[in-house]
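Engineer: From the sequence below, what's the structure:
(2 chains)
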Amino acid sequence: MKKAIEISDLTVYYRDTLALDHVSLSIDAGKITGIIGPNGSGKSTLLKGILGIIPVKKGEVTFFGNSLEKYRSKIAYVPQRESIDWDFPITVEEVVAMGRIRPKKWWSRTTLADKEIVKETIKKVQLSEFSTRQIGQLSGGQQQRVFLARALAQEAELIVMDEPFVGIDMASQDSILSIVQKLRDSGKTVVIVHHDLSVVAQYFDDVVLLNKKLIASGPIDEILKSENIEKAYGMTLLLNKEKGRF
Amino acid sequence: MDLSIWIVFIGTALIGISAALVGTFTFLQKKSLIGDAISHSILPGIVLAYMVSGQRNTLILMVGAFIAGWLATQQISWLQRKTKLKSDTIVAATLSIFFALGLALLSFIQGRPDDGQAGLSDFLFGKIAALNIEDLYLFSVVSFLIIAVTFFRYRVMFSFAFNKEFMISKGFSLRWNDFILNSMTILVVAMGVQAVGVVLMSALLIIPVLTARMLTYKLSYLIVLSLIFGTTSSLLGSYISILGKNIPTGPCIILVLSICAISVALLSKIQFKTGKQDE
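Structural biologist: Next up is the predicted model:
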């Protein structure tokens, strides 16, 4: 299986606090991989660390065998919703258009082709009628779809999402999931940070269990064993595999 | 009207335009307080530039202002990286230290017999009537620079203000973006203190955009409305200050601006504009 991301010995500190402790793992291409762990287990830190958003103390990361600098243009990052200022004066189409900004250009302007892509992606996430709305005026599920649309507009090969299912209703979760599954079926790799164990099995192909250290990683059936869960969450849970709920 | 009146009006308009543009982006980046820190911090730079050169040449004073403003922003970002202090604490402390130094230097040279007509205390509250034609050339160059940078970079600056983590993930440099915005702020403050003075300069950056924000949530309108509020208030304020002879320009401009802001606030019920109200 081709590897989308290979991480070796990643160590990250937040000032003096150890956030990630010598984490080595790999993520398969063409799958939906969940990064699971309790709050404060370093899931978001892992994403930010590998994408160069926060400094890392130590470690190597490659994307399809390339360095981050080489591969960056093919990665789309969807941030956590708490990091967004929902009162910011920006409209749905302006957020999605951010996906088309390219660095190393002295004049960043939107081409006609960019505008067409923005319009198409907004349609794909069914937000066309809200294009000119300020983002604070949308429901949680719609807001999350706006950021998914921005990632789609990047036409990336690797989509990295930080807690996309937090604070939105089941219907919105399903509609986001179906878009993500379509992405996977067309050959893209999707990595999703997720803290809630209850729906893991139906969402992800592979999982990475994390709690500052790597607990386990691999296909979902192999990994979701109670001893792994206990190590990650520090408690015993009964796993009902049929539903993927605990 | 004679030439000097035209100089005053054109100079004021250039300050109003540049301040409104830069202010829009510092406001969006939630760095309004940095504008205040920079404007207070440039005072020692201006006074030292005058002491070293021995003349009140706007270009030399602006160079001094730029160095002091740059040192202040470096100190702020260095402390933010190296300590656990909150941002507002760092900014407030930096502002006071630089301003105190500036005031001390100012009283030192004013005690000297050769000070004569240097009029450096005008930098505290602003005196637009002191502008001459050379100043105007310099202002035109600085304003042109600011307008050009804004034109070519507004999308990047706007996107950074909204979601900097995303921009970093795309390979944009946060430090470069901060450097450009800080430099523009320092330049516009160094220029604007002639009219408004260091004490009130940050108001000229903030109030136009916050007035505009009450009327729109669209970036293009936000910029246009800030420009309108900033420029007309600057012109009107400096006109009143010339009529009134002894009233400093700064307070006049800021009072006119504030009246605009309060009227708009009352009309729009102090709400920031969002999409739903259009329907």
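
Engineer: Please see if stretch A:162-178 touches chain B.
Structural biologist: No - Stretch A:162-178 stays clear of chain B (CB under 8 Å from any CB of the partner chain), getting no nearer than 9.2 Å. Bear in mind the C-beta positions are built from the backbone N, C-alpha and C, glycine included.

Engineer: what's the span of that stretch, first residue to last?
Structural biologist: 17 Å (CA to CA, to the nearest Å).

Engineer: from the chain's centre, how far out does it sit?
Structural biologist: Per CA atoms, centre = their mean, to the nearest Å, the displacement of stretch A:162-178 from the mean C-alpha position of its chain is 12 Å.

Engineer: next one: stretch B:180-191
Structural biologist: On CA atoms, centre = their mean, the centre of stretch B:180-191 falls 7 Å from the chain's centre.

Engineer: Quick one: residues in contact with it.
Structural biologist: With contact meaning CB atoms under 8 Å, 6 or more residues apart in numbering or on different chains, stretch B:180-191 is reached by B:14-15, B:18-19, B:21-22, B:25-26, B:29, B:31, B:34-35, B:38-39, B:42, B:61-62, B:65-66, B:69-70, B:73, B:138-139, B:142-143, B:145-146, B:149-150, B:153, B:157, B:198, B:201, B:205.

Engineer: switch the cut-off to 7 Å
Structural biologist: Contacts to stretch B:180-191, defined as CB atoms under 7 Å, 6 or more residues apart in numbering or on different chains, come from residues B:15, B:18-19, B:22, B:25-26, B:29, B:34-35, B:38-39, B:42, B:62, B:65-66, B:69-70, B:73, B:139, B:142, B:146, B:149, B:153, B:157, B:201.

Engineer: what do you get for stretch A:119-128?
Structural biologist: By CB under 7 Å, 6+ apart, stretch A:119-128 touches A:92-93, A:96, A:131, A:142, A:145-146, A:148-149, A:152-153, A:179.

Engineer: So for that stretch, mean pLDDT?
Structural biologist: Averaged over stretch A:119-128, pLDDT sits at 93.

Engineer: Same check on stretch B:10-29?
Structural biologist: Per-residue scores along stretch B:10-29 average to 94.

Engineer: Quick one: distance of that stretch to the chain centre.
Structural biologist: 7 Å.

Engineer: Okay, buried residues for the helix or strand containing A:Leu148 please.
Structural biologist: In this assignment (DSSP states H and E), A:Leu148 forms part of helix A:140-153. The neighbour-count check on helix A:140-153 (16 or more other CB atoms under 10 Å in any protein chain shown) flags A:141-153 as buried.

Engineer: With stretch A:11-20 instead?
Structural biologist: So, applying 16+ other CB under 10 Å, buried residues of stretch A:11-20: A:12-13, A:19-20.

Engineer: rewinding a little: report the two of the buried residues of helix A:140-153 separated the most.
Structural biologist: Based on CB to CB, the longest span within the buried residues of helix A:140-153 runs between A:Gly141 and A:Ala153 and measures 18.8 Å.

Engineer: Show me what the lowest-mean-pLDDT helix or strand in chain A is packed up against.
Structural biologist: The helix or strand of chain A with the poorest confidence is helix A:226-233; it has a mean of 73 (mean pLDDT, DSSP states H and E). Identification of packing neighbours for helix A:226-233 by 3 or more CB pairs under 7 Å, 6 or more residues apart in numbering or on different chains; DSSP states H and E yields strand A:206-211, strand A:213-219.

Engineer: All the helices of chain B, in order from the start?
Structural biologist: In chain B, helices defined by DSSP state H lie at B:3-28, B:32-53, B:58-82, B:87-110, B:122-125, B:133-162, B:164-169, B:174-196, B:201-213, B:219-243, B:249-267, listed in chain order.

Engineer: quick revisit: ok, so of the buried residues of stretch A:11-20, who is nearest chain B?
Structural biologist: The closest of the buried residues of stretch A:11-20 to chain B turns out to be A:Tyr13 (CB to the nearest CB; 13.9 Å).

Engineer: List the single closest residue to that closest one in space, sequence neighbours excluded.
Structural biologist: A:Lys57 (5.3 Å; CB to CB, 6 or more residues apart in numbering or on different chains).

Engineer: What distance do you get for that neighbour to A:Thr17?
Structural biologist: 12 Å (CB to CB, to the nearest Å).

Engineer: repeat for B:Phe27
Structural biologist: For B:Phe27 relative to A:Thr17 (CB to CB), the value is 33 Å.

Engineer: ok, now B:Ile128?
Structural biologist: 53 Å.

Engineer: dump the residue contacts of A:Lys104.
Structural biologist: Contacts of A:Lys104 by CB under 7 Å, 6+ apart: none found.
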